[in-house]
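Asker: Everything below, folded, please.
(one chain, ligands or ions: 1)
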Amino acid sequence: MIDSHCHIDLLDNAQEVIDEARKKGMAGIIISAADPNELGNAMSLANANKDFVYVCAGFHPHHVNDYDEEEVEEYIEQINGVKYEIAAIGEIGLDYSGVNDEETKQRQKAIFAKFLKFAIEIQKPVVVHIRDAFDDALEILSNYKPRHVMLHCFSGSEMQLKISLERGYFISFATNVCYTKKHPRLAVQTPLKNMLLETDSPWLEPNEKLRKNSDGDNIKTLTNRPWNIEQSAEIIAGLKKMLAKDVIGATTDNAKRCFGI
Ligand SMILES: [Zn+2]
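Answerer: Numbering: from 1, shown residues only. Presented below is the predicted three-dimensional model:
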């Protein structure tokens, strides 16, 4: 079982979570460093947990206005310095939620393209974050051929799923597949050979008791953990009428292939 995308580096007890994941028999955890400030800590966790914790080094589109041109270049240099130690470039991508100005969208597109070029240069797969920007993101991606493309926490339409599958992308389902209507429908249409599982933890808690307040509303918690992908595997297996262990087996193999681990 490999959690293909999480942010447990943000937890104070990250090492404890990693130890627990090992105890539960997981085969690996991929941590996404989504901001230049996060890379150092994520790398330390990977170095302290060799062959179990891996790092994707990226730049979340929501951060594009927090750094100037020069700082982005410096960050790319920094990643270049650890290119043999990282598993992928990402998360990178486009996120138009809450973005109303054209200038920010253009900057997101430019930085996305810059990191795609860089990933190809250093021969790494890319982990892509897309929210409310699917058509633009698919168009930019069509110009680049990185080693592999993983669409993280997939939330596109059925048509966008079809296009992504035709291009051979890996489609990663997060633990929200356990409690939404949309994601299970998309998972059913995704062949196992293209599928990855992730938690995006500590967010997207699948357990209802932990996710809902006393009024029954979903609340944001930091309680999700990498091994909860087992619950996603059970849901998807039920829908696809197969065994959860086969979903886990296939998605683990896919993660190894995608990240070259
Ligand atoms: Zn993420």
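
Asker: all strands for the stretch 1-150 of the chain, in order.
Answerer: Along the stretch 1-150 of the chain, the segments classed as strands by DSSP state E, counting those that start in this stretch run 2-6, 28-33, 53-57, 88-95, 126-131, 149-151.

Asker: how about those in CSV, adding mean neighbour count?
Answerer: Bear in mind the C-beta positions are built from the backbone N, C-alpha and C, glycine included. Output for the strands of the stretch 1-150 of the chain, formatted as CSV (neighbours: other Cβ atoms under 10 Å):
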stretch, mean neighbour count
strand 2-6, 29
strand 28-33, 27
strand 53-57, 27
strand 88-95, 26
strand 126-131, 27
strand 149-151, 26
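
Asker: For residue 180, find the nearest of these.
Answerer: Ranking the strands of the stretch 1-150 of the chain by proximity to residue 180 (Cβ to Cβ) places strand 126-131 first, at 14.4 Å.

Asker: For the closest one, name the packing helices and strands.
Answerer: strand 88-95, helix 102-121, helix 134-141, strand 149-151 (3 or more Cβ pairs under 8 Å, 6 or more residues apart in numbering; DSSP states H and E).

Asker: could you dump these to JSON lines with mean pLDDT?
Answerer: Putting the helices and strands packed on strand 126-131 into JSON lines (pLDDT from 0 to 100) gives the following:
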{"stretch": "strand 88-95", "mean pLDDT": "98"}
{"stretch": "helix 102-121", "mean pLDDT": "98"}
{"stretch": "helix 134-141", "mean pLDDT": "98"}
{"stretch": "strand 149-151", "mean pLDDT": "98"}
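
Asker: between those, which gets nearest to residue 163?
Answerer: Closest to residue 163 of these, according to Cβ to Cβ: helix 134-141, at 6.0 Å.

Asker: thinking again about what came up before, between the helices and strands packed on strand 126-131, which one is closest to residue 238.
Answerer: Nearest to residue 238 among those is strand 149-151 (23.0 Å), distances taken as Cβ to Cβ.

Asker: Any idea how far the closest one is from the middle of the chain?
Answerer: Here the centre of strand 149-151 is set off from its chain's centre by 8 Å, with Cα atoms, centre = their mean, to the nearest Å.

Asker: How about stretch 237-248?
Answerer: With Cα atoms, centre = their mean, you get 21 Å for stretch 237-248.

Asker: try stretch 17-31
Answerer: A distance of 16 Å separates the centroid of the chain from that of stretch 17-31, by Cα atoms, centre = their mean.

Asker: Go through that stretch and flag the buried ones.
Answerer: Within stretch 17-31, the residues scored as buried using 16 or more other Cβ atoms under 10 Å are 17, 18, 21, 26, 27, 28, 29, 30, 31.

Asker: Okay, the last one and residue 45: tell me how far apart.
Answerer: As defined by Cβ to Cβ, to the nearest Å, residue 31 lies at a distance of 6 Å from residue 45.

Asker: Could you name every residue contacting both of those two?
Answerer: 9, 53, 55 (Cβ atoms under 8 Å, 6 or more residues apart in numbering).

Asker: Any idea how many residues pack against residue 169?
Answerer: The tally of other residues near residue 169 (other Cβ atoms under 10 Å) stands at 21.

Asker: That one is in contact with residue 149, isn't it?
Answerer: Yes. Using Cβ atoms under 8 Å, residue 169 is in contact with residue 149, at 4.4 Å.

Asker: in the protein, which spans are helices?
Answerer: 14-23, 39-48, 69-81, 102-121, 134-141, 158-166, 182-188, 208-211, 229-240, 244-259 (DSSP state H).
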